[in-house]
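*Asks:* below are the sequence and a predicted model for it; my questions follow.
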2 protein chains.
Amino acid sequence: MNYTIGEFSTLTNLGIHTLRYYEKEKLISPERKENGRRLYSENDVSWIQFIKRLKDTGMPIKEIQKYATFRAIGDSTLTDRMEMLIKHRAALNEEIVKLQEHLEKLDSKIDYYQAEIEKNAQTEK
Amino acid sequence: MNYTIGEFSTLTNLGIHTLRYYEKEKLISPERKENGRRLYSENDVSWIQFIKRLKDTGMPIKEIQKYATFRAIGDSTLTDRMEMLIKHRAALNEEIVKLQEHLEKLDSKIDYYQAEIEKNAQTEK
DNA sequence: ATACAATGTAGAGTTAGCTCTAGGTCAAGC
DNA sequence: GCTTGACCTAGAGCTAACTCTACATTGTAT
């Protein structure tokens, strides 16, 4: 199935402007109809989902661009892409660990507030 | 102990420009010496550490600003601050869960690449 | 006393990642 | 066959969070 940019926009939950911007940045390269209009494919759908995953996990556009370039070249770049993903996974792992530590500290801070507030309530009696 | 902006900068690992920017944004309000120079306290140290935690966990400056204002008012805002932290904790929790899901998907993608690469290596024999 | 390093302010510049505007083309419904 | 809405490009504008510049002043070491 193929999609116009409007359809693709609602489908992916990305603004039309954003999609054109992604194309300018060479993240995605939809086909064009004779009249010059973009034609997104089913393959573009899964690709954009993956782009979103990379973005959501903090990969900058420039890096995704690099990945996209490898992808466009084809199978000869499989290892390059895998290496990128492995590095990215390591970074993501660290990020998660870091956030979990922050979460713990935040928890104790909240506990502390809780105690302070109860103490204040006491003295007001 | 008190610190000049230079000392405080190395101590907190934040640039001098950044510290002045944070002050302009009302995140931190160090004392001033007679001659107008900033004088950071021990209390400022722990406060900036907390600001960094909030930032690292994705809280925008505007929000930290709000928290800082509550903090400056004093004990009467304990519950307000606790509420902010509780909301923030929930958001952080969601973020962690989301990232963990992404991590899993990334793992399977890497596994897939691994298999593909091995398959290609086979056919080359 | 002099130089030079640290600090001060005000405001400009930067980067990432969009988001929007202007001005034009094109296609489908009435 | 005309209008209306979707689409096109090029480029401007926006927001967050810094980061830097210019220029003045002050503190410290020789």
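*Replies:* Sure thing, it's come through.

*Asks:* need the residues of chain A near DNA strand C, please.
*Replies:* A:15, A:17-18, A:20-21, A:35-36, A:55, A:60-62 (Cβ under 7 Å from any atom of the strand). (Each C-beta comes from the backbone N, C-alpha and C, glycine too.)

*Asks:* count of neighbours near the residue in chain A that DNA strand D sits nearest to?
*Replies:* At 2.5 Å from DNA strand D, A:Gly6 is the closest residue in chain A, using Cβ to the nearest atom of the strand. A:Gly6 has 11 neighbouring residues, counting by other Cβ atoms under 10 Å in any protein chain shown.

*Asks:* ok, A:Asn35 next?
*Replies:* Neighbour number of A:Asn35 under other Cβ under 10 Å is 5.

*Asks:* report the separation between it and chain B.
*Replies:* 36 Å (Cβ to the nearest Cβ, to the nearest Å).

*Asks:* cool, and A:Ala72?
*Replies:* 16 Å.

*Asks:* and that residue, what element?
*Replies:* Per DSSP states H and E, A:Ala72 falls inside helix A:61-73.

*Asks:* which secondary structure elements does the helix or strand following that helix contact?
*Replies:* Under the assignment DSSP H and E, the closest C-terminal helix or strand after helix A:61-73 is helix A:78-124. Judged by 3 or more Cβ pairs under 8 Å, 6 or more residues apart in numbering or on different chains; DSSP states H and E, the packing partners of helix A:78-124 are helix A:61-73, helix B:42-56, helix B:78-124.

*Asks:* would you list these in TSV and tack on mean neighbour count and mean pLDDT?
*Replies:* Shown next, in TSV, are the helices and strands packed on helix A:78-124 (neighbours: other Cβ atoms under 10 Å in any protein chain shown; pLDDT from 0 to 100):
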stretch	mean neighbour count	mean pLDDT
helix A:61-73	15	98
helix B:42-56	16	98
helix B:78-124	14	95
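
*Asks:* including distance to A:Asn120, could those go into TSV?
*Replies:* Output for the helices and strands packed on helix A:78-124, formatted as TSV (distance: least, Cβ to Cβ, whole Å):
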stretch	distance to A:Asn120
helix A:61-73	49
helix B:42-56	20
helix B:78-124	7
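
*Asks:* of those helices, which approaches A:Glu101 most closely?
*Replies:* helix B:42-56 (9.3 Å; Cβ to Cβ).

*Asks:* so that closest one versus helix B:78-124, what angle?
*Replies:* Helix B:42-56 and helix B:78-124 meet at an angle of 50 degrees, taking axes from the mean of the first three to the mean of the last three Cα atoms, to 10 degrees as the criterion.

*Asks:* contact partners of helix B:42-56?
*Replies:* With Cβ atoms under 8 Å, 6 or more residues apart in numbering or on different chains as the test, helix B:42-56 has contacts from A:98, A:102, A:105-106, A:109, B:1, B:3, B:8, B:11-12, B:14, B:22, B:27-28, B:30, B:61, B:63-64, B:67-68, B:71, B:88.
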